[in-house]
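Visitor: this one's sequence-less:
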């Protein structure tokens, strides 16, 4: 077994998942806080759009991203004029795919956490002169901490296992965009079952360790 070939997709997947989960955490945090507290017309429609990638096949999500970020789109053309190359079939495209598919999971977990916080505590803090930022930072976030932790872990694991959308807009370029799932697909399709099973084992181990870490953090918070 070529160890460099084996570890390249693993390292790349971890890098993409870390970047994607950090972005997802802050995007989902802002969206979940707003949706859990706000009341406005069309809220149900907005929430449906936020959760849509959760139920769409990843290949459909990838096709939408390809249309939005491809060289013929205005976003793709603007990116290419600024950076001298297309955004698709790059490391960044793989990270974007991971962000889009992981966001709904993190958002739903965070929104549930914020909705479980007693609103009377927040209202009491406001009545005592606390600003919205202070209420958010010192009351809402700590009380919803378990949900936020779970959301981050879910985002990381979902990004780590993303396949369909990644393959559509980033491909499977060794050393550049080939993640563990796409490497497994290419290896199995080419008959290299030893490599496919080795990468599958690595994926299983990484996911297990992340979930184990999540459970430990939650217990410590309790």
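Guide: Looks like it came in fine. In this text, all values refer to a predicted model and were calculated from it rather than measured experimentally.

Visitor: Okay, buried residues for whichever helix or strand residue 98 is part of please.
Guide: Secondary-structure assignment from DSSP states H and E places residue 98 in helix 91-115. Neighbour-count burial for helix 91-115, counted by 16 or more other C-beta atoms under 10 Å, picks out 92-111, 113-114. In short, each C-beta sits where N, CA and C put it, glycine included.

Visitor: And stretch 140-154, by the same measure?
Guide: So stretch 140-154, judged by 16+ other C-beta under 10 Å, has buried residues 140-141, 143-144, 146-154.

Visitor: What score does the residue nearest the centre of the chain have for pLDDT?
Guide: With distances taken as C-alpha atoms, centre = their mean, the residue of the chain nearest its centroid is residue 102 (3.1 Å). With respect to pLDDT, residue 102 has a value of 93.

Visitor: This structure: helices as residue ranges?
Guide: 3-37, 43-55, 58-69, 74-83, 91-115, 119-127, 132-135, 141-143, 145-161, 164-169, 180-189, 193-221 (DSSP state H).

Visitor: Mean pLDDT lowest where, among those helices?
Guide: helix 193-221 - the lowest mean pLDDT of the helices of the chain, at a mean of 84.

Visitor: So which bits of that helix are buried?
Guide: For helix 193-221, the neighbour count (16+ other C-beta under 10 Å) marks 195, 196, 198, 199, 200, 202, 203, 206, 210, 214, 217 as buried.

Visitor: Likewise for stretch 169-179?
Guide: 169, 170, 171, 172, 177, 178, 179.

Visitor: I'd like to know how far the fifth one sits from residue 212.
Guide: Right, residue 177. For residue 177, the distance to residue 212 equals 29 Å [C-beta to C-beta, to the nearest Å].
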